[in-house]
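Undergrad: need coordinates for the following:
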Amino acid sequence: MGSRNHVEDISELTLKLHESTRVLDQTPSPGRRDLVSRSSFVMRSVENDEADLEGGKLEKERDKSTRTNRIVKIHNQALLSGLAYCVSSCSMILVNKFVLSSYDFNAGISLMLYQNFISVVIVSVMSFMGIITTEPLTWRLIKVWLPVNAIFVGMLITSMFSLKYINVAMVTVLKNVTNVITALGEMYLFNKHHDNRVWAALFLMIISAISGGITDLSFHAVGYAWQIINCFLTAAYSLTLRRVMDTAKQVTRSGNLNEFSMVLLNNMLSLPLGILLVFVFHEIDYLSQTPLLRLPDFWLVMTLSGFLGLAISFTSMWFLHQTGATTYSLVGSLNKIPLSIAGIVLFKVPTSLENSASIFFGLLAGVFFARAKMQERSQS
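TA: I've put the predicted structure just below:
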């Protein structure tokens, strides 16, 4: 569910403004050369000219100040949006881990269902109030989107299942395998070739995932199995989305499908499928017996996770708009480092030097991959 926006280069704009400022500062005032005139009439004329020049200089100074303030505002927006994106994405994973592990909540599908329901309600209310615009859901659009949505639901559910058994740091490292599967899918489905730096980064990701699994003191086979399935589903979602997007745009009224429409479409279509899976996996029996649903603080944390899930969509769009796809990708990779550390510390995960080194190696491989993709994109 990602949007790809290309925004102007702020650094280049700032440099141009500094250059124009330097030219303005070095411009001499010609009025002062005329002060040698002995006639009072000429003196008054010169004074008037000086006043005009000073007024023009003040005008330029005000314009320079306005443009400088605008640049500061842009930088502040980029910093604020980046911080909001990092906090929301980290918090979402940590809160889900807290619900599934600390509360020992054994109904991951129900958690996903509740989070998606919250997203549908909030987006629908915002669309009704005119704050955002969404495409109306037609049967033609739903039929086109159903295959993508089925993969989307599977991706969310397997993520919940794996997160219950695996610590946050290892989940983060294992998710790198998704990049390998996606790159292979791009090569065979879209005939897209990557350079050697990208493949080197992908190789490092595989090595770190294998070494991390071998040295994981809290290794859980079921959790790792769910995570491997999640990697394939996440890659399938990314690859399928590229094929379906063009078709979906053709069946919409406006000929476009923005991020808000995709959020509403994915989450709304996931509700009936999620309800069906709750019965298939017998979660309804668990929900009728667990005392957790009678705890107000549990509902508070559940609701918070729903808001955070939607916040990721909004903050990612905001951050992309303020910076660009390359910065977004690099920050997303760097963001995994504090997330992994927080996951180990907050949940008191037993670890070893070898496992910590594997995790750190995997995180660096992710950053290396992001940089390699940036260089590849700039050369294409």
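Undergrad: so who does the closest residue to Leu330 other than its chain neighbours touch?
TA: Nearest residue to Leu330 in three dimensions, chain neighbours excluded: Ala370, at 4.7 Å (CB to CB, 6 or more residues apart in numbering). From N, CA and C alone the C-beta is placed, and that goes for glycine too. By CB atoms under 8 Å, 6 or more residues apart in numbering, the residues touching Ala370 are Ser329, Leu330, Gly332, Ser333.
Undergrad: which pLDDT does the model give Ala370?
TA: pLDDT, Ala370: 86.
Undergrad: cool, Asp52 as well?
TA: 48.
Undergrad: the one 5 residues further on too?
TA: Each residue has a pLDDT score; the one for Lys57 is 49.
Undergrad: give me the residue at the spatial middle of the protein.
TA: For the chain, the residue nearest the mean C-alpha position is Ser316 (3.7 Å; CA atoms, centre = their mean).
Undergrad: what score does it have for pLDDT?
TA: So, for Ser316, pLDDT stands at 85.
Undergrad: quick check: it vs Val173, distance?
TA: Going from Ser316 to Val173 by CB to CB, to the nearest Å gives 21 Å.
Undergrad: ok, Asn230 next?
TA: Asn230 is 13 Å from Val173, by CB to CB.
Undergrad: these two - which one has more neighbours?
TA: Legend: neighbour count by other CB atoms under 10 Å for Asn230 and Val173, higher for Val173 (29 against 25).
Undergrad: list the contacts for the more buried one?
TA: So Val173 contacts Ser208, Ala209, Gly212, Ser340, Ser358, Ile359, Gly362, Leu363 (CB under 8 Å, 6+ apart).
Undergrad: show me which residues of the helix or strand containing the last one are buried.
TA: Under the assignment given by DSSP states H and E, the secondary-structure element containing Leu363 is helix 353-379. Of the residues in helix 353-379, those with enough neighbours to count as buried (16 or more other CB atoms under 10 Å) are 355-356, 358-363, 365-374.
Undergrad: what do you get for stretch 201-221?
TA: Ala201, Leu202, Leu204, Met205, Ser208, Ala209, Ser211, Gly212, Gly213, Thr215, Asp216, His220.
Undergrad: and that stretch, average pLDDT?
TA: 92.
Undergrad: name the residues that touch it?
TA: 165-167, 170, 173-174, 176-177, 179-180, 183, 224, 349-352, 354-355, 358-359, 361-362, 364-366, 368-369, 372.
Undergrad: picking up where we left off before, restricted to strands, list the contacts of Ala370.
TA: Using DSSP state E, no member of those falls in strands.
Undergrad: redo those as a markdown table? Include pLDDT and distance to Ala107.
TA: A markdown table is the format used below for these (pLDDT from 0 to 100; distance: CB to CB, whole Å):
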| residue | pLDDT | distance to Ala107 |
| --- | --- | --- |
| Ser329 | 74 | 34 |
| Leu330 | 75 | 36 |
| Gly332 | 82 | 29 |
| Ser333 | 81 | 32 |
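Undergrad: so Ile122 sits right up against Leu308, yeah?
TA: No: applying CB atoms under 8 Å as the test, Ile122 and Leu308 come out as separate, 11.8 Å apart.
Undergrad: quick check: buried residues in stretch 252-268?
TA: Thr252, Leu257, Glu259, Phe260, Ser261, Met262, Val263, Leu264, Leu265, Asn266, Asn267, Met268.
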